[in-house]
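Enquirer: pasting the sequence and the predicted model now:
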Amino acid sequence: MCVLKVLFVALASVFIISATSIRFDSAPVVSKLASANHAPSLSSHSAPQINNISIAEDEFILNGKPLHIKSGSLHYFRVPAEYWADRLRKFKAAGLNTVSTYVEWSYHEPEERQYSFSGDRDVAQFVRAAAKEGLYVLLRPGPYICAERDLGGLPYWLLGKYPNIKLRSADEDFVEETRIWMAKLFEHMSPLLFGNGGPIILVQVENEYGVYGSDMVYKEQIRDIISEHVGAKALLYTADFVDFDSIRNGAVPGALATINFGTNSNVQTVFEPLRQYMPEGPLMNSEFYPGWFTHWTESAQGQEIAPVIRTLTDMMNNKINFNFYVFFGGTNFEFTAGANDDSLQKYLPDITSYDYDAPLTEAGDPTLKYYAIKDVLGQFNSDVNEDQIPTESPKGNYGNVVLRRKVSLLSPEGRSQLGKKYSDVTGSTLPTFEELRQRAGLMLYETTIHDTNGILEIKMPRDRIYVFVDEVYAGLISRMTNKHSLSLETKPDSVLSLLVENQGRVNFGQYLHDYKGILGTVEFNGKSLSGKWSVTGYPLEQIDNISGTDLQNSDYGPVLYEGELILPEGQQPLDTFLDTGGWGKGYIWVNGHNLGRYWPSAGPQITMYVPGVWLHAAPSQNKIILLELEQPLGDLTIDFINYPKLAGEN
Ligand code: GLA
């Protein structure tokens with residue numbers, strides 16, 4: 001034990017020496033990012049200047065001056081680009097000097113080698129927007145980011161391309177794919193590194209790797225891949241749980257070790273294990289939790305103001321660098337929300353909202369927590385402008401929209417417009433979403449049953465399976481509730497249809513390799529159904545111009561509904577909330593934007609956030625499409641209201 005300790009201290013010292021020796025002797029670069037007024041400590045317009053960042057003893061030194069990092073997290077991928085500047089300005093007004101963001105690989109490379117860096121995905125523009133507001137940037141490119149995102153931000157196709165891949169390990173395929181991705185990302189990020197005149201001062205290596213593994217080879221590979229692009233133009237860091245083992249397992253020489261903790265830690269003692277590992281260097285809480293995230297079926301999670309303020313004050317008094325995780329959360333639009341699965345194999349998917357009970361709400365409004373934080377930071381920092389007090393933005397109360405049944409997904413019209421027929425398969429193993437290269441949505445597996453009546457058993461549903469016999473709904477198999485069998489009434493040659501919903505891939509822990517579909521066999525009366533299977537996917541990536549008029553009564557099953565909203569004459573669109581109360585479970589699109597998963601009967605989230613920038617002013621219509629997987633309970637209407645319901649109906 002003792003010998004090991006000496007070794008760690010030695011490793012840590014290697015880091016300290018290399019970090020303190022960082023100096024920039026690259027050619028001077030004039031910043032095109034910010035006026036000197038906005039960002040006094042970024043490089044100026046007039047005089048060419050070398051930006052340099054280093055560590056001296058326990059401080060970050062930027063261009064010769066110490067910097068106390070006061071940061072908040074905001075993930076650009078959780079809010080439309082039109083709102084970035086507004087949110088960042090509110091960070092600055094609260095007294096923060098830095099914004100931290102993950103970069104989500106799957107957001108930029110959703111399919112292999114199909115990159116997207118424009119519009120909401122223009123991460124370089126986000127970083128420039130931060131500089132414009134006078135904020136430094138902590139960049140967290142992973143490659144694994146956790147963050148309550150599908151597969152922890154890793155692209156799902158890795159699981160399809162390499163069926164045996166070991167994510168987050170020295171697996172050659174994983175490391176090589178990471179290398180290709182980082183090269184692409186840094187084409188956009190390199191000009192924005194501090195040493196090149198940009199605002200990015202710190203770049204994280206991996207994410208909380210210490211609770212996942214301890215492979216030094218892997219850590220060094222990721223460090224080297226990132227460092228090849230960053231060089232000495234920003235500092236590298238790692239962030240881990242607070243205990244010594246996590247720190248040791250997650251840290252890597254050449255990167256500053258930092259820890260993540262919330263309000264239940266004591267600022268005086270929490271750094272002791274870190275100090276054991278790293279005797280000197282700046283202390284930083286890389287994820288300070290002012291709230292928390294929520295799973296479906298839980299009560300809404302959060303954090304009281306008083307402990308946040310107490311811990312924040314302690315950190316300020318002790319000059320601890322910190323980053324609120326998150327200061328603004330936003331939304332898991334589309335199919336991006338992740339899930340947890342613990343050692344008891346309890347699968348819990350995350351809700352769509354990432355409000356997080358953060359200082360700024362999902363719609364970007366300041367809360368009492370925000371004002372309290374601003375007060376504390378103001379007491380320590382004369383830069384905080386007391387007159388700049390952000391206020392709540394107005395919201396639209398647009399009332400009721402009537403929805404019409406359009407088409408059932410299982411009907412011939414539904415299949416031809418929304419389905420994608422894959423090749424038939426024979427045997428007892430069914431292709432997963434990943435094998436078929438379908439990221440999200442639904443997959444329909446169908447076969448013929450020969451027995452009369454019996455028990456259907458599916459041991460590994462991923463995740464929720466709606467079971468139909470001869471097109472009539474017969475019940476549910478569910479990973480969440482561990483319901484794996486169902487008694488069915490069948491005739492010889494009955495058609496068994498299994499509609500599988502992917503509820504989000506696990507984003508944390510040992511069950512990360514979360515393939516979707518049906519893993520293992522499908523059994524009927526103890527025998528594996530290994531005849532011919534027909535497979536139809538519903539990727540649900542673009543839902544528009546769906547035709548059909550489905551006049552049936554509302555049977556249980558996946559049906560698409562449509563309606564229109566026209567905003568009040570002469571009014572600019574405002575942010576609003578769709579109240580899904582009375583509906584079952586499904587997804588909603590507004591003008592083609594997927595707002596995410598709704599599930600009011602599970603709760604606690606009832607409303608879906610609708611950004612005003614996605615709405616059209618009158619006289620244009622706004623098209624609302626809802627894919628209901630179960631059954632509406634009430635009338636076929638949906639309300640636009642001017643407040644969120646994230647904690648159930650009350
Ligand atoms: C960890 C991760 C974050 C996030 C938080 C919980 O600390 O690093 O990405 O998952 O937990 O919100």
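Expert: All right, it came through fine. Numbering: from 1, shown residues only.

Enquirer: any idea which helix or strand in this protein has the lowest mean pLDDT?
Expert: helix 2-20 (a mean of 34; mean pLDDT, DSSP states H and E).

Enquirer: pick out the residue of the stretch 1-150 of the chain closest to the ligand.
Expert: Closest to the ligand within the stretch 1-150 of the chain is Cys146: 3.4 Å, counting by Cβ to the nearest ligand atom. Bear in mind the C-beta positions are built from the backbone N, C-alpha and C, glycine included.

Enquirer: what strand or helix carries Ser246?
Expert: Assigned by DSSP states H and E, Ser246 falls within helix 244-250.

Enquirer: the next helix or strand after that helix: how far from the chain's middle?
Expert: Scanning forward in sequence from helix 244-250 by DSSP H and E, the next helix or strand is strand 256-260. The chain centre lies 21 Å from the centre of strand 256-260; the measure is Cα atoms, centre = their mean, to the nearest Å.

Enquirer: within its sheet, name the partner strands of strand 256-260 and how each one runs.
Expert: If you go by DSSP bridges, strand 256-260 pairs up with strand 235-240 (parallel), strand 284-288 (parallel).

Enquirer: any idea of the mean pLDDT for the helix or strand following it?
Expert: Next helix or strand after strand 256-260 toward the C-terminus (DSSP H and E): helix 272-277. The average pLDDT for helix 272-277 rounds to 98.

Enquirer: identify each buried residue in helix 272-277, please.
Expert: 273-274, 277 (16 or more other Cβ atoms under 10 Å).

Enquirer: include distance to Thr490 when you put the residues you listed into CSV, please.
Expert: Formatted as CSV, the buried residues of helix 272-277 follow (distance: Cβ to Cβ, whole Å):
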residue, distance to Thr490
Pro273, 59
Leu274, 61
Tyr277, 62
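
Enquirer: as a markdown table, the residues you listed with distance to the ligand would be great.
Expert: A markdown table is the format used below for the buried residues of helix 272-277 (distance: Cβ to the nearest ligand atom, whole Å):
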| residue | distance to the ligand |
| --- | --- |
| Pro273 | 16 |
| Leu274 | 16 |
| Tyr277 | 18 |
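
Enquirer: closest to Gly95 out of the residues you listed?
Expert: Distance to Gly95 across the buried residues of helix 272-277 (Cβ to Cβ) is lowest for Leu274, with 25.3 Å.

Enquirer: contact partners for the closest one?
Expert: Counting by Cβ atoms under 8 Å, 6 or more residues apart in numbering, Leu274 touches 242, 247, 257-259, 283.

Enquirer: ditto for Asn207
Expert: Residues near Asn207 by Cβ under 8 Å, 6+ apart: 102, 140, 142, 144-146, 152, 239.

Enquirer: same thing with Pro611?
Expert: Counting by Cβ under 8 Å, 6+ apart, Pro611 touches 79-80, 82-83, 575.

Enquirer: switch to 7 Å and redo it
Expert: Counting by Cβ atoms under 7 Å, 6 or more residues apart in numbering, Pro611 touches 80, 83, 575.

Enquirer: three-state assignment of Leu167?
Expert: Of the three states, Leu167 takes coil according to DSSP: H, G, I helix; E, B strand; the rest coil.

Enquirer: write out the residues of the stretch 101-250 of the chain neighbouring the ligand.
Expert: Contacts of the stretch 101-250 of the chain with the ligand, taken as Cβ under 6 Å from any ligand atom, map to 145-148, 207-208.

Enquirer: now render the residues you listed as a markdown table, adding pLDDT and secondary structure.
Expert: Formatted as a markdown table, those follow (pLDDT from 0 to 100; DSSP: H, G, I helix; E, B strand; the rest coil):
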| residue | pLDDT | secondary structure |
| --- | --- | --- |
| Ile145 | 98 | coil |
| Cys146 | 98 | coil |
| Ala147 | 98 | coil |
| Glu148 | 98 | coil |
| Asn207 | 98 | coil |
| Glu208 | 98 | coil |
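
Enquirer: give me the ChimeraX select line for the residues you listed, limited to the buried ones.
Expert: Buried subset of those, written as a ChimeraX selection, criterion 16+ other Cβ under 10 Å:
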select :145,146,147,148,207,208
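
Enquirer: closest to Ser547 out of the residues of the stretch 101-250 of the chain next to the ligand?
Expert: Out of those, the member with the shortest distance to Ser547 (by Cβ to Cβ) is Glu148, at 36.5 Å.

Enquirer: one step back: out of the contacts of Asn207, which two sit at the greatest distance?
Expert: Pairwise distances across the contacts of Asn207 (Cβ to Cβ) peak at 14.2 Å, for the pair Gly152 and Ala239.

Enquirer: which bits of the stretch 501-650 of the chain sit near the ligand?
Expert: Counting by Cβ under 6 Å from any ligand atom, the stretch 501-650 of the chain has no residue next to the ligand.

Enquirer: what about the closest residue to the ligand within the stretch 501-650 of the chain, which SS state?
Expert: Here the stretch 501-650 of the chain gets closest to the ligand at one residue, Phe508, 6.2 Å apart by Cβ to the nearest ligand atom. Under the three-state scheme (three-state DSSP), Phe508 adopts coil.

Enquirer: now do Phe322
Expert: Following three-state DSSP, the label given to Phe322 is strand.

Enquirer: now do Glu562
Expert: Strictly by three-state DSSP, Glu562 counts as strand.

Enquirer: bridging residues for the residue most central in space within the chain?
Expert: Against the mean C-alpha coordinate of the chain, by Cα atoms, centre = their mean, the closest residue is Arg149 at 3.3 Å. Beta-bridge partners for Arg149, by DSSP bridges, are Ala337.

Enquirer: shaky segments in the stretch 301-450 of the chain?
Expert: In the predicted model of the stretch 301-450 of the chain, residues 343 satisfy pLDDT under 70.

Enquirer: excluding chain neighbours, give the residue nearest to Pro199 in space.
Expert: Residue nearest to Pro199 in three dimensions, not counting chain neighbours: Ala131, with 4.1 Å by Cβ to Cβ, 6 or more residues apart in numbering.

Enquirer: how far away is that neighbour from Ala183?
Expert: Separation of Ala131 from Ala183 (Cβ to Cβ, to the nearest Å) stands at 23 Å.

Enquirer: cool, and Gln503?
Expert: Distance, Gln503 to Ala183, by Cβ to Cβ: 33 Å.

Enquirer: which of those two has more neighbours?
Expert: A direct count of neighbours by other Cβ atoms under 10 Å for Gln503 and Ala183 places Gln503 higher, at 26 against 12.

Enquirer: so the more buried one is in contact with Asp463, correct?
Expert: Yes: the pair Gln503 and Asp463 passes the contact test of Cβ atoms under 7 Å, sitting 4.1 Å apart.

Enquirer: just the pLDDT for the closest residue to Arg439 other than its chain neighbours.
Expert: What sits nearest to Arg439 in space, not counting adjacent residues and going by Cβ to Cβ, 6+ apart, is Tyr156, at 5.1 Å. pLDDT recorded at Tyr156 is 98.
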